[in-house]
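Chemist: Here is my input, please return the structure:
(one chain, ligands or ions: 1)
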Amino acid sequence: MDFNKHSIKLVQNCPVCTRKYQQNRVQILEAFGNSFLAYLTCNFCNSNLIVKVISMSHGLVGNAILTDLSPEEVMSFSDGDKISSDDILNVHQSINNNEIINNLKINL
Ligand SMILES: [Zn+2]
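Modeler: Numbers count the residues shown, from 1 in each chain. A predicted model of the protein is given here:
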């Protein structure tokens, strides 16, 4: 499978400036079996897009998000620990207790 060719076809234009992506600014960050993760950088406005593509029996399915992360940061988050339900509860509790807001006020 030519990942670069397929990712270019799925996302042809930059969602920010609408100009066409250049193939030399596409990086494949990960490839697993029938899926891959690509990182596209626009030649004109330098915005970055992360694209996840999965090859299904009925064709290619993909989603994309704009990001300000570098390719290295994307991979470090991808390899990091998963968010647990305790992590969510801790954030929820901190918000309820205004700990986050109070910490922000102190730092301002
Ligand atoms: Zn652009």
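Chemist: From here on, just use CA atoms for contacts and neighbour counts.
Modeler: Will do.
Chemist: need the helices for this protein, in chain order.
Modeler: 3-10, 71-79, 85-96, 99-107 (DSSP state H).
Chemist: If you tally nearby residues, what's the number for Leu37?
Modeler: The number of residues packed near Leu37 is 21, by other C-alpha atoms under 10 Å.
Chemist: sorry, back to before: rank the helices of the chain by mean pLDDT and give me the bottom one.
Modeler: Mean pLDDT values for these show the minimum at helix 3-10, a mean of 54.
Chemist: and this structure, which residues reach the ion?
Modeler: Within the chain, the positions adjacent to the ion are 14, 17, 42, 45 by C-alpha under 5 Å from the ion.
Chemist: Would you reformat those as JSON lines and include pLDDT and neighbour count?
Modeler: Conversion of those to JSON lines gives the following (pLDDT from 0 to 100; neighbours: other C-alpha atoms under 10 Å):
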{"residue": "Cys14", "pLDDT": "90", "neighbour count": "22"}
{"residue": "Cys17", "pLDDT": "94", "neighbour count": "12"}
{"residue": "Cys42", "pLDDT": "93", "neighbour count": "22"}
{"residue": "Cys45", "pLDDT": "94", "neighbour count": "12"}
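Chemist: With distance to Glu72 as extra columns, can I get these in JSON lines?
Modeler: Listed next are the residues of the chain next to the ion as JSON lines, based on distance: C-alpha to C-alpha, whole Å:
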{"residue": "Cys14", "distance to Glu72": "21"}
{"residue": "Cys17", "distance to Glu72": "24"}
{"residue": "Cys42", "distance to Glu72": "17"}
{"residue": "Cys45", "distance to Glu72": "20"}
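Chemist: Give the closest residue to the residue nearest the centre of the chain in space, chain neighbours not counted.
Modeler: Note on the chain: the residue nearest the mean C-alpha position is Ile50, at 3.9 Å, using C-alpha atoms, centre = their mean. Closest residue in space to Ile50, ignoring its immediate chain neighbours: Tyr39 at 4.7 Å, by C-alpha to C-alpha, 6 or more residues apart in numbering.
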